[in-house]
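*Asks:* sequence plus the predicted model coming up.
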Amino acid sequence: MVRPFSDLKPSRPLIRPTAVAAGAAVLALAVVAWHQGREPLPVPLPAGVQPAKAPAPPQQTAWVTPLRKQCDRPDQSLRQRLTTLQRNLPSQMRRVSIDPSNYGERTPRDAYGNSVDITPSLVVLHETVYGIGSAINTFTTHHPHDHDQVSYHLLIGEDGQVVETLDPAKRAFGAGYSAFKGRWDVTNPNMDGSVNNFALHLSLETPLDGEDDGPRHSGYTGLQYDALAVVLANWMRRYRIPMDHITTHRYVDLGAARADPRSFDWSALQVRLAALGALC
Ligand SMILES: [Zn+2]
C-alpha cells in the first residue's frame with residue numbers, strides 16, 4: 001500500500017534493552033533539547049566515556065540490483081539526447097526552498113556518540129502518489145509534528161522537469177524505519193534507525209492513474225527516465241555511489257508498509273545510464 005507523503009522520518013519508539021543499557025552516551029544526549037522538526041544535535045562524549053554500540057538493524061533480504069555493468073554505448077542518439085540534457089540541467093533545474101520543519105542536518109555522530117560517515121552513499125527512489133505540485137506544497141508547509149515531517153531532495157515531474165527541494169548536503173526525511181545492507185543510523189536514542197542520514201531521496205511524479213493505493217499504474221514517462229538517469233549519473237560520479245546502491249523505498253522500508261516506486265522500469269534506467277557511461 002502506498003500512502004501519500006507517508007515517507008516520514010523515524011517515529012517508531014525504539015524498545016530494546018540495548019537502548020536502555022546504552023549508559024552515559026544516552027544520558028549525555030537526553031539533556032539536549034529536541035528542536036522541533038530537526039535531528040538531535042551531535043554531542044561530544046565526556047572524557048573517558050567510550051561510545052556505546054548502536055543497535056543493529058533487523059535482518060533484511062539481500063538487495064539484488066536489477067542494474068548490470070554495461071560498457072558499450074550502442075545508442076548514439078540516446079547518448080546525444082542525454083548529454084544535452086546533462087549540459088542544460090544546471091540552468092534548467094528549478095529550486096524550491098522548503099520549510100525547515102521538514103528536513104534536518106546530516107549528523108556526524110549517532111545517538112551513542114559513534115562517528116558515522118554522512119557522505120551520501122545511497123539513493124532511494126520514491127514516487128509522489130499525487131502530483132508534483134502537491135508534493136511541493138507539503139514540503140513547503142510547516143509541520144510541527146514529527147509524524148507529518150517529510151521531504152525528498154529532488155522531484156522529477158511527468159514532463160521531465162527537475163525540482164531540487166533540498167540540498168544534498170542536508171538530511172531529507174524520506175524514509176522512516178529503514179536500513180540498507182546492515183546499516184542504519186540511530187540519531188535519536190528513543191527512535192529506531194533510518195537510512196536518512198546517509199541517503200539521497202528522489203521521487204518520481206506518479207501518473208494520474210496511480211493516485212490510489214493500487215499495486216501498479218501506467219508507469220513513468222520517457223522524459224522522467226531521461227532526467228532520472230542524468231541526475232543519478234551526476235550523483236554517482238559526485239559521491240562515488242556504486243550502481244548497486246541505487247534502491248527503492250520498498251526495499252529499505254523495514255515496516256513492510258511502503259511499495260514505492262510502483263511500476264518502475266529498471267530496463268529504461270539501464271539503457272540510459274549505460275548511454276551516459278555510468279554503468280561501466
Ligand atoms: Zn517513498
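*Replies:* That came through fine.
*Asks:* so in this protein, where's the weakest helix or strand by average pLDDT?
*Replies:* helix 24-30 (a mean of 31; mean pLDDT, DSSP states H and E).
*Asks:* now the helices: where do they sit in this structure?
*Replies:* Remark: helices assigned in the chain by DSSP state H are 17-20, 24-30, 76-92, 132-140, 222-239, 249-252, 266-275.
*Asks:* tell me the helices and strands packed up against the fourth one.
*Replies:* With contacts defined as 3 or more C-beta pairs under 8 Å, 6 or more residues apart in numbering; DSSP states H and E, the packing partners of helix 132-140 are strand 154-156. In short, each C-beta sits where N, CA and C put it, glycine included.
*Asks:* how about 10 Å then?
*Replies:* Secondary-structure packing of helix 132-140 (3 or more C-beta pairs under 10 Å, 6 or more residues apart in numbering; DSSP states H and E): strand 154-156, strand 162-164, strand 199-204.
*Asks:* between those strands, which gets nearest to the ion?
*Replies:* Smallest distance to the ion across those (C-beta to the ion): 6.8 Å, for strand 199-204.
*Asks:* what's that closest one packed up against?
*Replies:* Helices and strands touching strand 199-204, by 3+ C-beta pairs under 10 Å, 6+ apart, are strand 122-127, helix 132-140, strand 154-156, strand 170-172, helix 222-239, strand 246-248, helix 249-252.
*Asks:* export those to JSON lines and tack on distance to the ion and mean neighbour count?
*Replies:* Shown next, in JSON lines, are the helices and strands packed on strand 199-204 (distance: least, C-beta to the ion, whole Å; neighbours: other C-beta atoms under 10 Å):
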{"stretch": "strand 122-127", "distance to the ion": "3", "mean neighbour count": "24"}
{"stretch": "helix 132-140", "distance to the ion": "11", "mean neighbour count": "18"}
{"stretch": "strand 154-156", "distance to the ion": "12", "mean neighbour count": "24"}
{"stretch": "strand 170-172", "distance to the ion": "11", "mean neighbour count": "23"}
{"stretch": "helix 222-239", "distance to the ion": "15", "mean neighbour count": "20"}
{"stretch": "strand 246-248", "distance to the ion": "8", "mean neighbour count": "21"}
{"stretch": "helix 249-252", "distance to the ion": "3", "mean neighbour count": "22"}
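*Asks:* mind putting those in JSON lines, mean pLDDT included?
*Replies:* Shown next, in JSON lines, are the helices and strands packed on strand 199-204 (pLDDT from 0 to 100):
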{"stretch": "strand 122-127", "mean pLDDT": "98"}
{"stretch": "helix 132-140", "mean pLDDT": "96"}
{"stretch": "strand 154-156", "mean pLDDT": "98"}
{"stretch": "strand 170-172", "mean pLDDT": "97"}
{"stretch": "helix 222-239", "mean pLDDT": "98"}
{"stretch": "strand 246-248", "mean pLDDT": "98"}
{"stretch": "helix 249-252", "mean pLDDT": "97"}
